[in-house]
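[1] Here is a sequence with its predicted model. Questions after.
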Amino acid sequence: MMEIEKSVAWQRHQLATVERMQRDLARLTHPVIRAVGLCGVAYLASWAVVMMFGAAAGAMVIVAAVSAAVVVLGAPAFALAVGVEQYFRGRFARNSR
């Protein structure tokens with residue numbers, strides 16, 4: 001029985017294509033991950049200030065509300081961006097063997 005294998009050149013070509021796709025998509029995924037992460041940190045920090053100072057920290061309540069809204073509304077995009085990054089890491093791991 002004859003076995004057909006991919007040549008080394010073809011494997012390198014596939015890896016280069018996957019790397020290019022990852023770079024192109026990273027222009028979209030990295031800002032989403034950074035924005036939702038930053039808003040998550042802002043939410044936690046502002047919530048800590050509100051818990052320490054109570055209602056006297058009125059501006060922090062607004063910061064907490066806005067950052068919480070961004071985190072909640074950005075969660076699906078964040079999950080998709082992380083999923084895309086994980087997919088490409090898996091492809092790189094499989095191709096580098």
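    Perfect, I can see it now.
[2] Measure how far the host helix or strand of R89 is from the centre of its chain, please.
    Under the criterion of DSSP states H and E, R89 resides in helix 58-95. Distance of helix 58-95 from its chain centroid, counting by CA atoms, centre = their mean, to the nearest Å, is 5 Å.
[3] for the record, mean pLDDT for that helix?
    Mean pLDDT, computed over helix 58-95, is 88.
[4] residues of that helix that come out buried?
    Across helix 58-95, burial judged by 16 or more other CB atoms under 10 Å covers 60, 63-64, 67-68, 70-71, 74, 77-78, 81, 84-85, 88, 91. Where you see a C-beta, it was placed from the backbone N, CA and C, and this is true even at glycine.
[5] Where is the longest helix in the chain?
    Secondary structure assigned by DSSP state H gives helix 8-53 as the longest helix of the chain.
[6] Near V18, how many other residues are there?
    16 (other CB atoms under 10 Å).
[7] Identify the residue nearest it in space, chain neighbours excluded?
    R91 (5.1 Å; CB to CB, 6 or more residues apart in numbering).
[8] Wait, the one you found touches Q14, no?
    No - contact criterion CB atoms under 8 Å: R91 and Q14 do not qualify, at 9.0 Å.
[9] For the closest residue to V63 other than its chain neighbours, which residues are in contact?
    Leaving aside its sequence neighbours, V63 sits nearest to S46 (CB to CB, 6+ apart; 4.2 Å). S46 sits next to 60-61, 63-64, 67 when contact means CB atoms under 8 Å, 6 or more residues apart in numbering.
[10] which one of these sits closest to G37?
    Distances from G37 to the contacts of S46, taken as CB to CB, are shortest for S67 (11.0 Å).
[11] The closest one contacts Y43, correct?
    Yes - applying CB under 8 Å, one finds S67 in contact with Y43, separated by 4.0 Å.
[12] about what we covered before: so the helix holding R89 versus helix 8-53, what angle?
    160 degrees (axes from the mean of the first three to the mean of the last three CA atoms, to 10 degrees).
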